[in-house]
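**Student:** sequence and predicted structure below; questions after.
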Amino acid sequence: SDGHVEFYVNENTFKERLKLFFIKNQRSSLRIRVFNFSLKLLTCLLYIIRVMTDNPGQSAGANHGQQNAPSGNNKWELIFWVDRKVPVWAIQVIVAIISFLETMLLMYLSYKGNIWEQIFQVSFLLEMINTVPFIITIFWPSIRNIFIPVFLNCWLAKCALENMINDVHRAIQRTNSAMFNQVLILICTLLCLVFTGTCGIQHLERAGKNLSLFNSFYFCIVTFSTVGFGDVTPRIWPSQLLVVIMICVALVVLPLQFEELIYLWMERQKSGGNYSRHRAQTEKHVVLCVSSLKIDLLMDFLNEFYAHPRLQDYYVVILCPSEMDLQVRRVLQIPLWSQRVIYLQGSVLKDQDLLRAKMDDAEACFILSSRNEVDRMAADHQTILRAWAVKDFAPNCPLYVQILKPENKFHVKFADHVVCEEEFKYAMLALNCVCPATSTLVTLLVHTSRGREGQQSPEQWQRMYGCCSGNEVYHIRVSDSKFFGEYNGKSFTYASFHAHKKYGVCLIGIKREENKSILLNPGPRHIMAATDTCYYINITKEENSAFIFNQEERKGRPAGGLYDGPSQLPVHSIIASMGTVAIDLQNTSPPDPSGGKLVPPTVNGTGGRRPSIAPVQEIADSTSILPCDLLSDQSEDDSVFTDEKGHSPTEYVKGYPPNSPYIGSSPTLCHLLAEKAPFCCLRLDQGCRHNSFEDAKAYGFKNKLIIVSAETAGNGLYNFIVPLRAYYRPRKELNPIVLLLDNPPDNHFLEAICCFPMVYYMAGTIDNLDSLLQCGIIYADNLVVVDKESTMSAEEDYMADAKTIVNVQTMFRLFPSLSIITELTHPSNMRFMQFRAKDCYSLALSRLEKKERDKGSNLAFMFRLPFAAGRVFSISMLDTLLYQSFVKDYMILIARLLLGLDTTPGSGYLCAMKVKEEDLWIGTYGRLFQKLCSSSAEIPIGIYRTESHIFSTSEVKPQGGAVAGMKLLSTSEFSEPSPSVPGVGQRGRLRGHEGQDGRVPRRRAVGAAPGLQPGPRPAHRPAAPQPLPALREGGAVRAGRPGSALTVVSVPAEDLSNLTASDVMNRVNLGYLQDEQNDHQNTLSYVLINPSPDTRLEINDIV
């Protein structure tokens, strides 16, 4: 028969079984240690009982059969003999036998070959001293009352307690118990010293003054505390000798214990300790996980997180592997933060550290990437592992993840909210080229502000800009809303217009209850339902608004109201609006004369204009709605477009890009080439067998170029191209894109971009003037400078942007009419953009920024001119998008829809259009809102406005609180140059303003009204002479654009076509002295989000 075999994990011997029970097994060994500790405490208690019942006068005689004690002052025999009652003796004997057997068993189990090492251990010797004499008294009754120092068992109890605590921590796997253990050891050492001294002195004084146990305890406390009253003192030399020994031991042992405790306390201060389970279950907290914590990152998070009223009671637990730096430590010591922020040093990859942070009880976990790392891919890998670790440890904890590279996004797809830095960055920079200051618009929307910034400023533009910066996106159900509840059953466009007219709120999106997708401006076909969720822009949410009836509503004046008095608003504006892609609304119904109060002037040659603005229909007429075919463009009859001089016509099609550069990129309908371009044709600076062009001039592009300077062709650069090639961009207005790369791209990237029309690349840098001229800098309207990854980290803080800033300043001086959009690593460095040392106005803005920062504003940098104008951007400004998503879980999706990163069927997009002179009869922003809603079903969301200023470098004393030396040009001063001086820049202010001369391409909305339909792009006012057509075609550096700090001497176009680097430098030197004089003039631009309906429109607004 087959035999049965049993396998054992441990050796199946009797000794191994005992060792497993007494030593190895955590729970059984813990029980034995608790029992041993109890025995030692019992022996100490029995000793105290024996002392309390002791009669020193009978101790010696009872043992020697004598009635009288020996004569003499000191009765030394009382030291060796005591009066021990029989019950006490019996219990002590039983305890001694048990302790002796246990000690011998443990000695046998832990024997490792050296018996003497175990015999001479202090704990073994103490056990023998306190147990063997009691066992001997069983067989020798005459010495039953001999003194045995049982009080020394307190040291054995201390050892047992330490071992017991270690077993407890090992059983519950608590590893961060060093501080607790050290405190326990110190307390036990003190107690043992006091107890030993008390019992020893009391016993030795039996031969002299016969101190009580309490008096002896009192003496020890007074002595060890170094007070020394002297009222109780030992009288005989043995007790005095014991006091000396105890003091020496205390002087040696206690400092060592205190030193270890202080060291552990300092280490704990560095690591941050724990967040207790009780607090985690009774309080709400979020965990912030970062690889390194900088003061800017911390303050951005805290200011944005605690800006929301309902988060005031939340705690922030920071989990960071690095030690807290000095600046962070100082900030966290401020009472405002010290009570709410807990810093823990530890790794997210360790479950023990996640347990310290109580991640499983956290309301949310924010995982931020280290964007200052040179290797951004490695930083993403660390972020991915952190996200996986948190998801594994706390599956139900909401995750908010920041990722750098788009190709890594799909690894953290499981997270509740993900912000990919490069996706947002490139899409925002691209939209800045066609919709100016998109970066500023989005940044202000995702920052929490009350709109109080700049309200004490004497300048009108700062008050308006600061007030409008308080607008944010909010949401509410239609059935719960006073803003939108009355429009239940009405069209979306009707609700948006009337809510803005009545309350001043801008309804931008909607979400059906049964659908998770948010639709931005779904148009009049969407009928509002009571269960819909509305998304709107306003200064505050409806729940915090006070409704005042039977009074004039200042916030939402009627859109047709007249504007009284001269306009105090800036001269130039650009209106960013959100168009609809789902429908086109044609006004076929007869105009309603009551629809508007402003009668337009007669325009010659344009036929009859509508006498008023048509009302917005409650429900769209089905006969007036044309279906929008995404694959066709009704505005352009042919699909053949000649984009290059002397080149065969190129056929464009609409479709989805066939090659996505990374997993997780959203499909977007784009203009594509019918056939992919060969890789050799994508290189701008080298000819191939298909064409011989070697620079931008040879291509003869009809539209102005967009040049992107980047270090490498990362996958995020794909998101720069897609918004500029989206299907809703008119084919004839597509700008050629030139990628100026430090390092040549790989074939994987070229495969992704070869399907897009007019996208080229060349190797070069912006600090090489020859490279800039070859890639067509003189034909460009926009130069986008992307932050270099290799310079993102610097030894000195904030120096990472040094190279970028200086290079951009050079471009600003050489090509003043060029719009340069720059990305910086640190937002605080934007004050160096377009730096002018003698500009008093910039100094005044710097003082204003410091005031706002002192007031606690987290948007203090908003008044810097480059940021307000949308010419500088830092991706760290978008960190607040992730933080704000904790309260508004829809913010990331809305931002992606605005930037074109995601497309939802029936949802709108961001665009810009120009208001011409003949459109000024519309008058106000509210009437424009009505015009767009009734004609093309578009919803304006803000104004981009430019003012022209002249500054003086001399320090002029301010009058009436105005900024020194500032002059606001009136509309009459803002005129075109005389045709007799074509192309010569005279003081710059005669040509218009920044943002004109073709810098912002118009976008014609689908189904735009004839009055707002832009024709060929005018240089400035359509009715004024245009002196620059030859210079534009020849690609000249445009002279004297207002706001530029440089006057470049005008040169014939044919000469400028063949400019070299030395030519540019010579021409700059010729204009250098004039530059010093014209350095005083500037323009400033800013964004007004959702301005009041009575805001006046100005000529050349871009809608």
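**Tutor:** Good, I have the coordinates. Worth saying up front: this structure is predicted, and the values here are computed from it rather than measured. Numbers count the residues shown, from 1 in each chain.
**Student:** surely Gln884 is in contact with Tyr890?
**Tutor:** No - taking contacts as Cβ atoms under 8 Å, Gln884 lies outside contact range of Tyr890: 10.1 Å. Yep, even glycine has a C-beta here, placed from its N, CA and C like the rest.
**Student:** among these two, which residue is more densely surrounded?
**Tutor:** Gln884 (23 against 17; other Cβ atoms under 10 Å).
**Student:** tell me who's in contact with that one.
**Tutor:** Gln884 makes contact with 304, 446, 448, 891 under the criterion Cβ atoms under 8 Å, 6 or more residues apart in numbering.
**Student:** tell me the least confident of those residues?
**Tutor:** Among the contacts of Gln884, Thr448 carries the lowest pLDDT, at 84.
**Student:** what's the local residue count around that residue?
**Tutor:** The number of residues near Thr448, taken as other Cβ under 10 Å, comes to 19.
**Student:** repeat that for Leu932.
**Tutor:** Using other Cβ under 10 Å, Leu932 is surrounded by 29 other residues.
**Student:** do the same with the one 4 residues further on
**Tutor:** Ser936 has 27 neighbours, counted by other Cβ under 10 Å.
**Student:** list phi and psi for it.
**Tutor:** phi -120, psi 10 (degrees, to the nearest 10).
**Student:** that one and Tyr536: what is the separation?
**Tutor:** 20 Å (Cβ to Cβ, to the nearest Å).
**Student:** got it, and Leu507?
**Tutor:** According to Cβ to Cβ, Leu507 and Tyr536 sit 5 Å apart.
**Student:** what touches both of those two?
**Tutor:** The contact lists of Leu507 and Tyr536 share 483-484, 499, where a contact means Cβ under 8 Å, 6+ apart.
**Student:** any buried residues in the helix or strand hosting Gly197, and which?
**Tutor:** In the assignment (DSSP states H and E), Gly197 maps to helix 178-204. The neighbour-count check on helix 178-204 (16 or more other Cβ atoms under 10 Å) flags 179, 182, 185-186, 188-189, 192-204 as buried.
**Student:** and the next helix or strand past that helix?
**Tutor:** helix 213-224.
**Student:** next, the buried residues of that next one.
**Tutor:** So for helix 213-224, counting by 16+ other Cβ under 10 Å, buried means 213, 215-220, 222-224.
**Student:** let me see the domain layout of the chain.
**Tutor:** Per the TED database, the domain ranges recorded for the chain read 7-55+75-268, 277-415, 649-886.
**Student:** now the longest one: average pLDDT?
**Tutor:** On average, the pLDDT along domain 7-55+75-268 is 83.
**Student:** what residues does stretch 223-236 touch?
**Tutor:** 74, 190, 193-194, 197, 201, 204-205, 207-209, 211, 215, 218-219, 222, 240, 242-243, 247, 250.
**Student:** quick one on the thing from earlier: out of the contacts of Gln884, which sit inside strands?
**Tutor:** In strands, judged by DSSP state E, none of those are found.
**Student:** of all these, which comes closest to Trp265?
**Tutor:** Within these, the smallest distance to Trp265 is 33.6 Å, found for Glu304 (Cβ to Cβ).
**Student:** next, the contact list for the closest one, please.
**Tutor:** 447-448, 858, 879-880, 883-884.
**Student:** between the residues you listed, which has the most around it?
**Tutor:** For the contacts of Glu304, neighbours tallied by other Cβ under 10 Å; top is Tyr883, 28 neighbours.
**Student:** let me see the mean pLDDT of the host helix or strand of it.
**Tutor:** Assigned by DSSP H and E, Tyr883 falls within helix 879-884. For helix 879-884, the mean per-residue pLDDT is 89.
**Student:** same check, this time on stretch 851-868
**Tutor:** 77.
**Student:** please apply the same query to stretch 421-429.
**Tutor:** Mean per-residue pLDDT for stretch 421-429: 90.
**Student:** same check on stretch 527-544?
**Tutor:** Mean per-residue pLDDT for stretch 527-544: 89.
**Student:** pull the CA atoms of it into PDB?
**Tutor:** Extracted as PDB, the C-alpha positions of stretch 527-544 are listed here (Å, rounded to 0.1, in the frame of the first residue of the first chain):
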ATOM      1  CA  ILE A 527     -34.700  72.400 -25.700                       C
ATOM      2  CA  MET A 528     -34.100  73.100 -22.000                       C
ATOM      3  CA  ALA A 529     -35.500  70.400 -19.700                       C
ATOM      4  CA  ALA A 530     -36.000  70.600 -16.000                       C
ATOM      5  CA  THR A 531     -33.500  67.900 -15.300                       C
ATOM      6  CA  ASP A 532     -30.700  69.500 -17.400                       C
ATOM      7  CA  THR A 533     -27.600  70.700 -15.700                       C
ATOM      8  CA  CYS A 534     -26.600  74.200 -16.800                       C
ATOM      9  CA  TYR A 535     -23.000  75.400 -16.900                       C
ATOM     10  CA  TYR A 536     -22.600  79.200 -16.800                       C
ATOM     11  CA  ILE A 537     -20.000  81.900 -16.300                       C
ATOM     12  CA  ASN A 538     -20.600  84.400 -13.500                       C
ATOM     13  CA  ILE A 539     -18.800  86.300 -10.700                       C
ATOM     14  CA  THR A 540     -20.400  83.900  -8.100                       C
ATOM     15  CA  LYS A 541     -22.700  80.900  -8.200                       C
ATOM     16  CA  GLU A 542     -26.400  81.400  -8.000                       C
ATOM     17  CA  GLU A 543     -26.700  80.000  -4.500                       C
ATOM     18  CA  ASN A 544     -24.600  82.900  -3.300                       C
END
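**Student:** where does the stretch 851-1000 of the chain dip in pLDDT?
**Tutor:** Residue ranges of the stretch 851-1000 of the chain with pLDDT under 70: 856, 858, 949-1000.
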